[in-house]
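A.B. asks: Got a predicted structure here, sequence first:
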Amino acid sequence: SREMTTYKITALSMGIGEIPGPELFWMNDFDKWHTINFQVMLIQGDGLTALVNTGPPKDLEAMNQGWEAFLGKRARFQRREGEFLLDQLARVGVAPSEITHVILTPLQLYTTGNVHHFPNAQICLSKAGWIHYMTSKEHPHDDKDTSIPPELISRMVTDLWPKLCLLDDEDSIAPGINTWWAGSHHRASIAVQVATARGEAVITDAFFTMENLNRNRPIGICENIYEALEAHRRAQESDIILPLY
């Protein structure tokens, strides 16, 4: 019988942001700021080349204006030379045309900002998150234009519609790559489980750092604390845990 498909995962740095303590740890660290490293995960193997998220757009100003208005100038996203997604892919020898799948979690400008660069990719996202986006007119945490840029949503319901893959709460993208709805952070937050030579890895935004798990302290910018605790529990069943921050 055929051996189980395994994949290689490469973390690509997109830049850093500073967030106040209570955003990272539920009701904790009120007097601290923490630096988090936003990442895109590149998954390769068995003819599949997938990205978990696409990083912030080339022009950061719109995103940074929103973050600054919410948290102040200290929260502005910082990207160094060479950290733009296309530069990072070139560094590891991957052309945009080679990307077969883009997996989005959650739906925010720092994940959806470069979807348009991958003409051959299926666009995979939570069906629950998509329904929330399409049916919620006002929400304290999800603004439509800062979730999916207007020009991208126009394409996702027209020429990109055949490429859209709406994931069930428990789903599979390919042999050895499964997903489950995590919630916690956003309605569109999922976990991506990937079979690797070193065991099963889980990639998610349901928690930001390993310290969230080690302290069993959910993220502060959390829409449901019970979903967060369940995501912690389930993620720890995997051999390798890869928070997206």
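C.D. replies: Nice, thanks for sending it over.
A.B. asks: by contact count, what packs against the lowest-mean-pLDDT helix or strand in the chain?
C.D. replies: Here the helix or strand of the chain ranked lowest by mean pLDDT, DSSP states H and E is helix 144-147, holding a mean of 88. Packing contacts for helix 144-147, counted by 3 or more CB pairs under 8 Å, 6 or more residues apart in numbering; DSSP states H and E, involve helix 61-71, helix 109-112. Heads up, the C-betas are built off the backbone N, CA and C, glycines and all.
A.B. asks: What's the first helix or strand after it?
C.D. replies: As assigned by DSSP states H and E, the chain's next helix or strand after helix 144-147 is helix 150-156.
A.B. asks: What are the contacting residues of that following helix?
C.D. replies: When contacts are defined by CB atoms under 8 Å, 6 or more residues apart in numbering, helix 150-156 is touched by residues 112, 115, 116, 123, 144, 148, 164.
A.B. asks: top of those by neighbour count?
C.D. replies: Among these, residue 112 has the most neighbours (other CB atoms under 10 Å), with 27 neighbours.
A.B. asks: Stretch 114-131: end-to-end distance?
C.D. replies: One end of stretch 114-131 to the other measures 22 Å (CA to CA, to the nearest Å).
A.B. asks: Save the helices and strands packed on helix 144-147 as TSV, and put in mean pLDDT and distance to residue 30 too.
C.D. replies: Formatted as TSV, the helices and strands packed on helix 144-147 follow (pLDDT from 0 to 100; distance: least, CB to CB, whole Å):
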stretch	mean pLDDT	distance to residue 30
helix 61-71	92	14
helix 109-112	96	25
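A.B. asks: Need the winner for burial among those.
C.D. replies: Among the helices and strands packed on helix 144-147, helix 109-112 has the highest mean neighbour count (mean count of other CB atoms under 10 Å), at a mean of 26.
A.B. asks: Need the residues that contact the helix or strand that that one is followed by.
C.D. replies: With elements assigned by DSSP H and E, the helix or strand that comes after helix 109-112 is strand 122-126. Strand 122-126 is contacted from outside by 100-105, 107, 115, 156, 160, 163-167, 169, 173, 179, 181, 187-190, using CB under 8 Å, 6+ apart.
A.B. asks: Specify the angle between the following helix or strand past strand 122-126 and strand 122-126 in degrees.
C.D. replies: For strand 122-126, the succeeding helix or strand toward the C-terminus, using DSSP H and E, is helix 127-135. Angular relation of helix 127-135 and strand 122-126 on a 0 to 180 degree scale: 90 degrees, by axes from the mean of the first three to the mean of the last three CA atoms, to 10 degrees.
A.B. asks: Tell me the buried residues in helix 127-135?
C.D. replies: Residues of helix 127-135 classed as buried by neighbour count (16 or more other CB atoms under 10 Å): 128, 129, 130, 132, 133.
A.B. asks: try stretch 233-245
C.D. replies: For stretch 233-245, by 16+ other CB under 10 Å, it's 234, 235, 238, 241, 242, 243, 244, 245.
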